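> Take this sequence and fold it.
(chains A and B)
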2 protein chains.
Amino acid sequence: MIKNLKTELLDEKFNALEAGNAPGQEVRQDLSLLDHLMKGDKIDGYPVDFSHGDVDAFPPTPDSESYWLKGFKQGGSQAYTEYRGAFNIRTTLAKDLSLFTKKPILADKELILTPGTQGALFLALGATVATGTKVAVVEPDYFANRKLVKFFGGIVVPIALHYLQSSSKNGLDLNQLEIAFKNGTKVLVFSTPNNPTGLVYSKEVIDKIAVLANNYKVTVIVDQLYSRMLYSGEEFTHLRSCKVQLENLITIMGPSKTESLSGYRLGAAFGTASIIDRMERLQAIVSLRASGYNQAVFKTWFNEPKGWLEDRIIKHEAIRDDLLKVFRDANLQTATPQAGSYLFPKLPALSVDLNTFVRLLRYQANVIVTPASEFAPHLNDSIRLNFSQDHKAAIEAAKRIVKMVKIYAL
Amino acid sequence: MIKNLKTELLDEKFNALEAGNAPGQEVRQDLSLLDHLMKGDKIDGYPVDFSHGDVDAFPPTPDSESYWLKGFKQGGSQAYTEYRGAFNIRTTLAKDLSLFTKKPILADKELILTPGTQGALFLALGATVATGTKVAVVEPDYFANRKLVKFFGGIVVPIALHYLQSSSKNGLDLNQLEIAFKNGTKVLVFSTPNNPTGLVYSKEVIDKIAVLANNYKVTVIVDQLYSRMLYSGEEFTHLRSCKVQLENLITIMGPSKTESLSGYRLGAAFGTASIIDRMERLQAIVSLRASGYNQAVFKTWFNEPKGWLEDRIIKHEAIRDDLLKVFRDANLQTATPQAGSYLFPKLPALSVDLNTFVRLLRYQANVIVTPASEFAPHLNDSIRLNFSQDHKAAIEAAKRIVKMVKIYAL
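Model prediction:
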């Protein structure tokens, strides 16, 4: 009996990790059954995979491979670093991240380098969530957040995100958050800029989160992966530099998105030293360290050629604006991304379920997107696009999405 | 009350992950308090870090950086692979690993690429151990095994390793193993060649493990990281090619050691498809994938220049033989490593505890080794050396160890 119970526990745990519709895994799907569901003909066009950024359209930071090669040539001392990462690299990064987030970071105690920001998120939640820990998870938000909480035995307390109406009160629902904190929620994890909507939490909302977390002694993990790609007229507020200083706060960033360095798997987490310590202990059994040679590529971060970042932002903003026009002209309600390269158009009621529509999009129209249900389990009316793509191909693909919506609309 | 209980759970979990004496972390230790414990003067000599192989003395497989660069230049398709790794690389590796381990591997279903073998071990235990699962862990064995079991909430069932007397019955204690299986142990994890002793499990013992695991329906995870560096006259038996075929078996290998590719963080796990599936789901939230560009370096594996591997083995065997002579001449009992580059000399009773002796070794004699307690919690009479080092420096450092043992022997 006990044995069966354990097997069931494990089955349940891994059912919660189901990844068949996760971004990047589409290639493993069997599409052969879609023919009888398809309405009309295939719609030709250059294939676009909106599930992640196209690093061929927006290539990695210039010379990243030279930095890598220097690391490789350095040999043993770069291959084997402390689990939390090479000290000289942490020293430089701590300065850059301090400047960017407007609060000092101690290189030796308050920073860890990880295999991607995914690695950082895993370690941060692993270090703070035990069986039964209640964790506030925003919906919609990065698809792995709730999976991580469940994997560590925590209880997901969903908090709604307001994102469709443009307002300074946009962001997570503060009333729901306070109720959750009152009811014993001990950890909050969220992303700003939000994935999948591109919403940047306002100073007003960030300040209130800080006050609430402080009052209720909640640990906060904030994923700011996209905070460098901020569009014109927008402001970004770093939770860590708020007037109210949180005792337990981890900020996560990395050069995988804006900088297109995802192929290196590099991430960074910084904040409360005791949590960073635990994250390092966990990293020691998870993956030892971010690949030693790859760590050398961190030296390109916040050190890009003059004007490079600005140019990249301008180009993404132009794609954003053209995509918004395509979707809004077709009456698909879409929030304006304030940062990052995610767009989250809302679809009308369809004659097929969302997962089927997404598969049809791939099969019939050569467009890969990610269904909303990956970001909020009960949300089935939107799709996420990572628009870090070839400009022209992205617009053409968006027009095919609109065509497909018209075909399958009820 | 419930809150405190959870905090304690987490505290306990992370105390079990204490990594202050773990290989590679020595640099974080404060040695300033050792002066008053030190007997005699500092012993000069070229510093040797036996905690891991010296990839400057034994450099990575020739041209690994060219393979890496080809991967980088391939762009997006190499940066973003399936979570389980690029299919073309898995296809080639599946063939090579099938040949090596003498049993076919399906590239699509039975193989996953991971960030190092540490990553593979983490995923394999995460996929098979739930709260309360009893897991047979060999002592001494790789230091992370028992930490992983505890982290996933499993119960460690220790199994003794016989390694000091040379015998075909060397290997884990089969009686203890059967008792453990009878008492509900559902997973066995072990390494062959054994880390830290260099023992290769005999065909006789491997066959019996297969029979027992089959009888009691136990899942086996076997870490064969060092199986390619096999010394003259030795034979290696792959559990996966035994006559008795296990339903649940994962074999772990990687090019980090013999091939000195540790700086790339590459590992591979192969075996039961349903476990590989779970490992991929877990990888999706742990680190997404092994670094895309680094995966390209797998193409050097089992594809080294002719004679390269043989030469590397000959050189290591020569160091092994010289080290054994140094330690045995000083009456330090040391098993003969049959494969790999670990040596595990037994020390006499000392006037300081083992951790202090290891710190003194570093402070007084410029030699870093790993204490036995990292491999078996109650073992405090041995030290582990990774002798993949500059030959002359290693022998000189071993002589300093012998001097230090004489100074601190009771």
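
> all helices of the stretch 201-350 of chain A, in order?
For the stretch 201-350 of chain A, the helices defined by DSSP state H, counting those that start in this stretch cover A:203-215, A:273-286, A:292-295, A:308-329.

> got these as TSV, with mean pLDDT, mean neighbour count and distance to residue A:90 columns?
In short, each C-beta sits where N, CA and C put it, glycine included. Below are the helices of the stretch 201-350 of chain A laid out as TSV (pLDDT from 0 to 100; neighbours: other CB atoms under 10 Å in any protein chain shown; distance: least, CB to CB, whole Å):
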stretch	mean pLDDT	mean neighbour count	distance to residue A:90
helix A:203-215	97	19	26
helix A:273-286	96	23	11
helix A:292-295	98	28	9
helix A:308-329	98	16	22
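
> Can you add distance to residue B:17 and give these back as TSV?
Below are these laid out as TSV (distance: least, CB to CB, whole Å):
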stretch	distance to residue B:17
helix A:203-215	26
helix A:273-286	4
helix A:292-295	21
helix A:308-329	38
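
> Nearest to residue B:335, out of those helices?
Nearest to residue B:335 among those is helix A:273-286; the distance by CB to CB comes to 26.4 Å.

> quick one on the thing from earlier: switch the helices of the stretch 201-350 of chain A over to a markdown table; also include distance to chain B.
Listed next are the helices of the stretch 201-350 of chain A as a markdown table, based on distance: least, CB to the nearest CB, whole Å:
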| stretch | distance to chain B |
| --- | --- |
| helix A:203-215 | 16 |
| helix A:273-286 | 4 |
| helix A:292-295 | 4 |
| helix A:308-329 | 16 |
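
> how about the nearest residue to residue A:105, chain neighbours excluded?
residue A:94 (4.3 Å; CB to CB, 6 or more residues apart in numbering or on different chains).

> repeat for residue A:39
Closest to residue A:39 by CB to CB, 6+ apart is residue A:407, at 5.3 Å.

> Strands of chain A, start to end?
Applying DSSP state E to chain A gives strands spanning A:48-49, A:111-114, A:134-139, A:155-162, A:171-172, A:187-191, A:219-223, A:249-253, A:267-271, A:342-343, A:367-368, A:370-371, A:383-386.

> Roughly how far does the residue nearest to residue A:122 when sequence neighbours are not counted sit from residue A:248?
Counting by CB to CB, 6+ apart, the nearest residue to residue A:122 once its immediate chain neighbours are dropped is residue B:286, at 5.0 Å. From residue B:286 across to residue A:248, the span is 22 Å (CB to CB, to the nearest Å).

> Same check on residue A:388?
For residue A:388 relative to residue A:248 (CB to CB), the value is 33 Å.

> Please apply the same query to residue A:274.
8 Å.

> what comes into contact with stretch A:317-327?
A:231-232, A:334, A:336-337, A:341, A:343, A:345, A:385, A:387-389, A:391, A:394-395, A:398-399, A:401-402 (CB atoms under 8 Å, 6 or more residues apart in numbering or on different chains).

> try it again with 10 Å
A:50, A:57-58, A:198, A:229-232, A:332-338, A:340-347, A:385, A:387-392, A:394-399, A:401-402, A:405 (CB atoms under 10 Å, 6 or more residues apart in numbering or on different chains).

> Kindly list the single helix or strand of chain A that scores lowest on mean pLDDT.
Ranked by mean pLDDT, DSSP states H and E, the helix or strand of chain A with the weakest confidence is helix A:2-15, at a mean of 74.

> Show me the contact partners of that helix.
A:147, A:150-153, B:126-134, B:152-154, B:184, B:186, B:217, B:274, B:277-279, B:281-282.

> Which parts of it count as buried, going by neighbours?
A:6, A:9-10, A:13-14 (16 or more other CB atoms under 10 Å in any protein chain shown).

> Pull the distance from it to the chain's centre.
Centre-to-centre, helix A:2-15 and its host chain are 29 Å apart (CA atoms, centre = their mean, to the nearest Å).

> what's the angle between that helix and helix B:273-286?
50 degrees (axes from the mean of the first three to the mean of the last three CA atoms, to 10 degrees).

> Keeping just the C-alphas, turn stretch A:173-181 into CSV.
Extracted as CSV, the C-alpha positions of stretch A:173-181 are listed here (Å, rounded to 0.1, in the frame of the first residue of the first chain):
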residue,chain,number,x,y,z
ASP,A,173,-3.9,42.0,-7.9
LEU,A,174,-2.8,43.6,-4.6
ASN,A,175,-5.9,42.7,-2.8
GLN,A,176,-5.6,39.0,-3.7
LEU,A,177,-1.9,39.2,-2.7
GLU,A,178,-2.6,40.6,0.8
ILE,A,179,-5.3,38.0,1.4
ALA,A,180,-2.8,35.3,0.3
PHE,A,181,-0.2,36.7,2.7
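
> and it with chain B, contact?
No: shown here: stretch A:173-181 not in contact with chain B (CB under 10 Å from any CB of the partner chain), separated by at least 12.6 Å.

> With that, I have no additional questions.
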